[in-house]
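A.B. asks: Output the structure for:
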Amino acid sequence: MILGSARAGEESLQIRLNTVGYLPGAEKKATIAVPCTNFTLIRVSDGSNVFSGTVTGPVLNEDTQEQLYTANFSAVHEPGQYRVEVPTVGQSSPFRIAADVYRDPFSTAMLGMYLWRCGTAVSATYHGQTFAHAACHTNDGWLDFVGGGHTQKDGTKGWHDAGDYNKYTVNAGLTVGNMLWAWEDFGPQIRKVRLNIPESGGPLPDFLAEIKWELDWVLTMQAPDGSAYHKLTTQRFGGFIMPEAETTPRYFTPAGTESTAFFVAMTAQASRAFGPYDKAYADRCLQAALRANEYLKQHPNFERPNQTNFRTGVYEIRTEINEASHRLNGIPNNRLWSRAELWETTGSPEVLKELEKNIVAVNAHVNDDFDWEEVKNLGLFRYAISERPGRDPAVVKLVLGKILAVADGIVQVGKRHGYGRTLGTTYGWGCNGSAARQTLLLMVADRLTRNEAKGRTTEYRAACMDTLNYLLGRNCYGRSFITGVGGHPPMNPHDRRSGADKIVDPWPGYLVGGPWPKATDWKDDQGDARTNEIAINWNAALIYAMAAFLQD
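C.D. replies: Numbers count the residues shown, from 1 in each chain. I've put the predicted structure just below:
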């Protein structure tokens, strides 16, 4: 993929690197897509040459069919703003080397979550522009399709799911789960980042307060029998209008065992996170999880929600092939995650027994690429790192071995790819989110081997950094994939607010889905939902990845 050459002194998208920057002690590489021999690192403040080197390569990159050269400037640790300059090619986007290099991008991704809030007015100023909408969807929602007649039930709050304004229990589960993992793993670093949301300064840490906005809605999705309604949406996707202008009726849809299992997992996990700050809320979450789990016990077989009257996001296993891959002895694998979180919260021997039975049934298979359709990874991770007593040593050994084997494979895939992409040549809907989500797997592996690493940066952490480098500009476009962040970010995401308001820039802080079916298929086009939509589950994965590297 050739984007055109540039003269020396001009910014060239053929010099591809992390356009936000690097931690001082991290590996620092730029990929160059045209023939070259040497490079220099220039300090932006005074134009001085602080480092010179010879590139390596060329090496053919399989998925883009480019001959790529690599400039390595890892020896530079001094904080500052820099550019890479390559004779006859040009210069890179500016970037920073600093310990706090991920603080602002993390805050911006969290700003994106706040701006996704439903049921309230939101407003935030970013880079001199104010992004705002009035209170929206305050009539959520109607019970017509769940046996309640034409009556309303409270379904307010929550986040708009993606480029549309609907709300889905399944995707909420993966999103909340990913963000609560970030809190568990990196809470002390996250607490230092003030998010400037309405709840800032209150009894809850800002990060948990933002998650609570989603959980408050999630709790309204529990039906009287303990199950969880599958979604709360319009019957058809709305147009590119502001959220307050979408007044089409929105309905609860029937529950299924899939959405109910997600509900159990996230509420059980939330009860642990909120316990130190709001015991009453934590207890409410746990009681909701236990009620939903009772429903699952009474409905052991997979039950699809009836979505006949809706043409909005499906979020369910839709094909016989997928259904087979998601089942263990007739039970979808998301129950493995729900049982893991419920056991971690309650310590129930009964739940542990069922969990270990599930793990053995799937031979502790770990997916190197996972999203909402396949979440058993989260249950395996929880089981692997748990400090609760009672686990079967043989099952523990099995799970740890599978996690580390897959993590090792991911590391090697990244090393072979010309841009360090840990997903290698795999592309699909939301693959940028999948790449970001791999960092959770890698950080679990890092934790499991931390004593062996003795405090050194492991290959797992280095692969996580490579993922961030890729998402922030070390890719075949030379561009950041996050709106408002880094060099040449997306300007036309598939996002109804960005398309409907009168602001030139898109709403900030959102990771776009990314290229597929080929590496070169991304289009910065509002109409291209396939590659340029935004979604809460992708943002949550990005938030986890950046939280891993928050430093002072």
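
A.B. asks: Going by C-alpha atoms from here, please, whenever you check contacts or count neighbours.
C.D. replies: Will do.

A.B. asks: CA-only coordinates of the helix or strand harbouring residue 182 in CSV, if you can.
C.D. replies: In the assignment (DSSP states H and E), residue 182 maps to helix 169-191. Taking C-alpha atoms only, helix 169-191 is exported to CSV below (Å, rounded to 0.1, in the frame of the first residue of the first chain):
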residue,chain,number,x,y,z
THR,A,169,-27.1,-6.7,27.5
VAL,A,170,-24.6,-9.0,25.9
ASN,A,171,-22.3,-6.3,24.7
ALA,A,172,-22.7,-4.5,28.0
GLY,A,173,-21.4,-7.6,29.7
LEU,A,174,-18.2,-7.8,27.8
THR,A,175,-17.6,-4.1,28.1
VAL,A,176,-18.2,-3.9,31.8
GLY,A,177,-16.2,-7.0,32.3
ASN,A,178,-13.2,-5.7,30.4
MET,A,179,-13.3,-2.4,32.3
LEU,A,180,-13.6,-4.0,35.7
TRP,A,181,-10.6,-6.2,34.8
ALA,A,182,-8.8,-2.9,34.2
TRP,A,183,-9.8,-1.7,37.6
GLU,A,184,-8.8,-4.9,39.3
ASP,A,185,-5.4,-5.0,37.5
PHE,A,186,-4.5,-1.3,37.4
GLY,A,187,-6.7,0.4,40.0
PRO,A,188,-4.0,2.4,41.7
GLN,A,189,-2.8,3.9,38.5
ILE,A,190,-6.4,4.6,37.2
ARG,A,191,-7.4,6.3,40.4
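
A.B. asks: Distance of the closest residue to residue 120 other than its chain neighbours relative to residue 119?
C.D. replies: Closest residue to residue 120 apart from its sequence neighbours, by CA to CA, 6 or more residues apart in numbering: residue 135 at 4.0 Å. Distance of residue 135 to residue 119, given as CA to CA, to the nearest Å: 6 Å.

A.B. asks: I'd like to know how far the residue nearest to residue 120 sits from residue 397.
C.D. replies: 51 Å.

A.B. asks: Residue 187 now?
C.D. replies: 28 Å.

A.B. asks: Tell me which of those two has more neighbours.
C.D. replies: Remark: of residue 187 and residue 397, residue 187 carries more neighbours, 17 against 11, as counted by other CA atoms under 10 Å.

A.B. asks: And the more buried one, what's its pLDDT?
C.D. replies: According to the prediction, residue 187 has pLDDT 97.

A.B. asks: Now that residue 174 has come up, it's in contact with residue 537, right?
C.D. replies: Yes - proximity of residue 174 to residue 537 meets the contact threshold set by CA atoms under 8 Å, at 6.3 Å.

A.B. asks: Quick check: residue 519 touching residue 427?
C.D. replies: Yes - shown here, residue 519 and residue 427 form a contact pair, counting by CA under 8 Å, at 6.9 Å.

A.B. asks: Can you get me the centre-to-centre distance for the helix holding residue 182 and its chain?
C.D. replies: 9 Å (CA atoms, centre = their mean, to the nearest Å).

A.B. asks: can you offset everything so residue one is 108?
C.D. replies: Got it, the first residue is 108 from now on, which makes the last one we talked about helix 276-298.

A.B. asks: So which elements touch it?
C.D. replies: The contact analysis (3 or more CA pairs under 8 Å, 6 or more residues apart in numbering; DSSP states H and E) places helix 276-298 against helix 313-327, helix 364-381, helix 643-654.

A.B. asks: residues of it that come out buried?
C.D. replies: By neighbour count with 16 or more other CA atoms under 10 Å, helix 276-298 contains the buried residues 276-290, 292-294, 296-297.

A.B. asks: Which secondary structure element of the protein has the lowest mean pLDDT?
C.D. replies: Within the chain, no helix or strand scores below helix 427-432, which has a mean of 51 by mean pLDDT, DSSP states H and E.

A.B. asks: about what we covered before: of all the helices and strands packed on helix 276-298, which one is nearest residue 541?
C.D. replies: When the helices and strands packed on helix 276-298 are compared by CA to CA, helix 643-654 sits nearest residue 541, at 7.3 Å.

A.B. asks: Surely residue 138 is in a helix?
C.D. replies: No - with DSSP: H, G, I helix; E, B strand; the rest coil as the criterion, residue 138 is strand rather than part of a helix.

A.B. asks: contacting residues for it?
C.D. replies: Contacts for residue 138 (CA atoms under 8 Å, 6 or more residues apart in numbering) come out as 121-124, 175-178, 525-526, 581.

A.B. asks: What distance do you get for it to residue 493?
C.D. replies: Counting by CA to CA - residue 138 and residue 493 are separated by 40 Å.

A.B. asks: Same check on residue 150?
C.D. replies: Residue 150 is 46 Å from residue 493, by CA to CA.

A.B. asks: who's more crowded, the two?
C.D. replies: Neighbours were tallied for residue 150 and for residue 493 using other CA under 10 Å; the higher tally belongs to residue 150 (19 against 13).

A.B. asks: The more buried one is in contact with residue 185, isn't it?
C.D. replies: No - judged on CA under 8 Å, residue 150 makes no contact with residue 185 at a distance of 10.3 Å.

A.B. asks: Adding neighbour count, distance to residue 654 and pLDDT, write the contacts of residue 138 out as a markdown table.
C.D. replies: Formatted as a markdown table, these follow (neighbours: other CA atoms under 10 Å; distance: CA to CA, whole Å; pLDDT from 0 to 100):
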| residue | neighbour count | distance to residue 654 | pLDDT |
| --- | --- | --- | --- |
| 121 | 29 | 29 | 97 |
| 122 | 29 | 27 | 98 |
| 123 | 30 | 23 | 98 |
| 124 | 34 | 20 | 98 |
| 175 | 22 | 30 | 98 |
| 176 | 24 | 30 | 98 |
| 177 | 24 | 27 | 98 |
| 178 | 27 | 27 | 98 |
| 525 | 26 | 25 | 96 |
| 526 | 26 | 22 | 98 |
| 581 | 29 | 20 | 98 |
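
A.B. asks: In TSV: these, plus secondary structure and distance to residue 415.
C.D. replies: Output for the contacts of residue 138, formatted as TSV (DSSP: H, G, I helix; E, B strand; the rest coil; distance: CA to CA, whole Å):
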residue	secondary structure	distance to residue 415
121	coil	48
122	strand	50
123	strand	46
124	coil	47
175	strand	50
176	strand	53
177	strand	53
178	strand	55
525	coil	45
526	coil	43
581	coil	43
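
A.B. asks: Show me which of these is closest to residue 260.
C.D. replies: residue 581 (47.2 Å).

A.B. asks: got a list of what the closest residue to that closest one other than its chain neighbours touches?
C.D. replies: Residue nearest to residue 581 in three dimensions, not counting chain neighbours: residue 124, with 4.0 Å by CA to CA, 6+ apart. Residues near residue 124 by CA under 8 Å, 6+ apart: 136-138, 199, 576-577, 579-582, 585.

A.B. asks: Show me where the protein dips below the pLDDT cut-off.
C.D. replies: Low-confidence segments of the chain (pLDDT under 70): 108-117, 425-439, 560-564.

A.B. asks: now stretch 408-426, how far from the chain's geometric center?
C.D. replies: So, by CA atoms, centre = their mean, the centroid of stretch 408-426 is 23 Å from its chain's centroid.

A.B. asks: for stretch 547-567, same thing?
C.D. replies: 20 Å.

A.B. asks: With stretch 639-658 instead?
C.D. replies: The answer for stretch 639-658 is 4 Å, by CA atoms, centre = their mean.

A.B. asks: mind listing what's buried in that stretch?
C.D. replies: Buried, per 16+ other CA under 10 Å, within stretch 639-658: 639-657.

A.B. asks: for stretch 152-167, same thing?
C.D. replies: Applying 16+ other CA under 10 Å to stretch 152-167 flags 159, 162-165 as buried.
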